[in-house]
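# Coordinates only, no sequence provided:
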């Protein structure tokens, strides 16, 4: 079985500041890792994914994440956030079975 | 269509009523997933179809929940004798073939409120 822990339920940050949203996972097998963003009353949108290869993954909207196998982490980062980045962010893992296990989400609030 | 669509977007049911939630996946996508997202939590897997075959229903919380995809495209999630704990957003996602892992595309969800 696999599990995902998002270490911060809420992250407030000022506009143009850097941000890191933390995600740790546990799994007995190799995993695929994902970050999704969810805006109010909308479905989840994929930000980025790690399947294999380079551990630094770049996604949409200027986000990136680094896969750290030894620390079983997949933290999401952005060097300078905008008001429009305010949303709920979900980390997810999959073991090639197709179904994903999600964390409970991190609410990112960007303040002017 | 351009993306995954779900209907209705909102559903209010009295306890004990049956409900049916519809998902229209992206045309040509063979895989279809249903998730349940309770308030303040991440989505939790319910069931998975590859074409018309239901390959995994391990996440369905009780035998009151039933899903079908008879022609390998549109899917319906049915909940019988709804209970208050069924209140949640039900998300549908679709993807192409599983080889090399394909991205799941999510619909906007159906928010079910059971009174």
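Arrived safely. Here the structure is a predicted model, which is why all the values come from computation and not from measurement. Numbers count the residues shown, from 1 in each chain, chains lettered A, B, ... in the order given.
# CA atoms for contacts and neighbours, from now on please.
Fine.
# Settle this for me: residue B:33 is touching residue B:94, isn't it.
Yes. Residue B:33 lies in contact with residue B:94 (Cα atoms under 8 Å); the separation is 6.2 Å.
# give me the beta-bridge partners of residue A:75?
According to DSSP bridges, the partner residues bridging residue A:75 are residue A:66.
# What is the neighbour count of it?
Neighbours of residue A:75 under the rule other Cα atoms under 10 Å in any protein chain shown: 19.
# and what of residue A:16?
15.
# Find the nearest non-adjacent residue to the one residue sitting closest to the centre of chain B, please.
In chain B, the C-alpha nearest the mean C-alpha coordinate belongs to residue B:34, at 3.2 Å (Cα atoms, centre = their mean). Nearest in space to residue B:34, with sequence neighbours left out and distances taken as Cα to Cα, 6 or more residues apart in numbering or on different chains, is residue B:92 at 4.6 Å.
# Helix or strand for the residue nearest the centre of chain A, just tell me which one.
In chain A, the centroid-proximal residue (Cα atoms, centre = their mean) is residue A:35; its distance is 3.5 Å. Element membership for residue A:35, per DSSP states H and E: strand A:32-38.
# And chain B, is that strand touching that?
No. Strand A:32-38 lies out of reach of chain B by Cα under 8 Å from any Cα of the partner chain, never closer than 8.8 Å.
# Within the sheet, what are the partner strands of that strand, with directions?
Going by DSSP bridges, the partners of strand A:32-38 are strand A:44-50 (antiparallel), strand A:87-94 (antiparallel).
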